[in-house]
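[1] Show me how the following folds:
(2 chains)
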Amino acid sequence: NAGVMQNPRHLVRRRGQEARLRCSPMKGHSHVYWYRQLPEEGLKFMVYLQKENIIDESGMPKERFSAEFPKEGPSILRIQQVVRGDSAAYFCASSPRGDQPQHFGDGTRLSIL
Amino acid sequence: GESVGLHLPTLSVQEGDNSIINCAYSNSASDYFIWYKQESGKGPQFIIDIRSNMDKRQGQRVTVLLNKTVKHLSLQIAATQPGDSAVYFCAEPSSGYSSASKIIFGSGTRLSIRP
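    So this is what the prediction gives:
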């Protein structure tokens, strides 16, 4: 049973470009969470989605960031017009139900030139 | 409020010794805690969890202790091995056990092993 798959593992973008980060949850998991981690810090929650619904986006910046989890396909975290401060590791986690432990992918390292 | 943390930033342990990683929390209503291990370049890996109706839980080579009186928990790793080198986070769901919610992470403790 494959774990949470994130791609790409590394993404380099220039300021002003768009970044798309993909997350395929574990099989049978319908709850997806996105977190951001700056160097030497803990993970910070961004958004929680179930299929086709955003449940909690309290950690998402108000502008330039969006997330979706369509009925078919992976969850996507989209960052428009990236800035240097967006450089971080972005982790996705999934769970089969909300009260089950979240399993994390190995992240996407986003670097902004 | 949501607050987990107050870790020591680094801990160095001799290989074969036991490691103790500490964590404090501020919300007396917190009822569920999780320990994660994060190796370099990887995502957090679930180690062990504990509910507030327990004060101790054991896994393979790991034990978590919960002291609700002083709002403190610790992760003990027996016979520390080189593969235990990682950053360890204590964490809790923002809405407690049995609730689908975001996880609040502490700032982590980096465990390094001396040969």
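[2] What segments of the chain are strands?
    The chain I'm using is chain A. In chain A, the segments counted as strands under DSSP state E are A:5-7, A:10-13, A:19-24, A:31-37, A:43-50, A:53-56, A:65-68, A:75-79, A:88-95, A:103-104, A:108-112.
[3] not quite, I wanted chain B
    Shown for chain B, the strands assigned by DSSP E span residues B:4-5, B:10-14, B:19-25, B:32-38, B:45-51, B:56-58, B:62-67, B:72-77, B:86-93, B:103-105, B:109-114.
[4] now the ones you listed as a markdown table including distance to residue A:53, mean pLDDT and mean neighbour count?
    C-beta: built from backbone N, CA, C; applies to glycine. Listed next are these as a markdown table, based on distance: least, Cβ to Cβ, whole Å; pLDDT from 0 to 100; neighbours: other Cβ atoms under 10 Å in any protein chain shown:
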| stretch | distance to residue A:53 | mean pLDDT | mean neighbour count |
| --- | --- | --- | --- |
| strand B:4-5 | 27 | 54 | 22 |
| strand B:10-14 | 41 | 94 | 13 |
| strand B:19-25 | 30 | 93 | 20 |
| strand B:32-38 | 24 | 93 | 22 |
| strand B:45-51 | 25 | 93 | 17 |
| strand B:56-58 | 34 | 97 | 12 |
| strand B:62-67 | 34 | 96 | 18 |
| strand B:72-77 | 33 | 96 | 20 |
| strand B:86-93 | 19 | 92 | 24 |
| strand B:103-105 | 19 | 90 | 23 |
| strand B:109-114 | 36 | 94 | 17 |
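[5] Now residue B:56. Nearest residue, chain neighbours left out?
    Leaving aside its chain neighbours, residue B:56 sits nearest to residue B:65 (5.5 Å; criterion: Cβ to Cβ, 6 or more residues apart in numbering or on different chains).
[6] Check residue A:96 too.
    Spatial nearest neighbour of residue A:96, chain neighbours left out: residue A:29 (5.0 Å); criterion: Cβ to Cβ, 6+ apart.
[7] Can you name the residue of chain A nearest chain B?
    residue A:98 (2.0 Å; Cβ to the nearest Cβ).
[8] Return the per-residue confidence for that residue.
    Looking at residue A:98, its pLDDT reads 70.
[9] who's in contact with the closest residue in space to residue B:41 that isn't next to it in sequence?
    Leaving out its chain neighbours, the residue that sits closest to residue B:41 by Cβ to Cβ, 6+ apart is residue A:106, at 7.1 Å. With contact set as Cβ atoms under 8 Å, 6 or more residues apart in numbering or on different chains, residue A:106 has these partners: A:6, A:9, A:91, B:41-43.
[10] Enumerate the residues of chain B near chain A.
    B:5, B:34, B:36, B:41-46, B:49, B:89, B:91, B:94, B:97-108 (Cβ under 8 Å from any Cβ of the partner chain).
[11] Go ahead and flag the most central residue of chain A.
    residue A:34 (3.8 Å; Cα atoms, centre = their mean).
[12] Not counting sequence-adjacent ones, nearest residue to that one?
    Closest to residue A:34 by Cβ to Cβ, 6+ apart is residue A:46, at 4.4 Å.
[13] just to revisit the earlier point, in a markdown table, list the strands of chain A along with mean pLDDT and distance to residue B:9.
    Converted to a markdown table, these look like this (pLDDT from 0 to 100; distance: least, Cβ to Cβ, whole Å):
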| stretch | mean pLDDT | distance to residue B:9 |
| --- | --- | --- |
| strand A:5-7 | 97 | 27 |
| strand A:10-13 | 98 | 26 |
| strand A:19-24 | 98 | 28 |
| strand A:31-37 | 95 | 15 |
| strand A:43-50 | 94 | 16 |
| strand A:53-56 | 93 | 29 |
| strand A:65-68 | 97 | 29 |
| strand A:75-79 | 98 | 29 |
| strand A:88-95 | 96 | 18 |
| strand A:103-104 | 93 | 22 |
| strand A:108-112 | 97 | 22 |
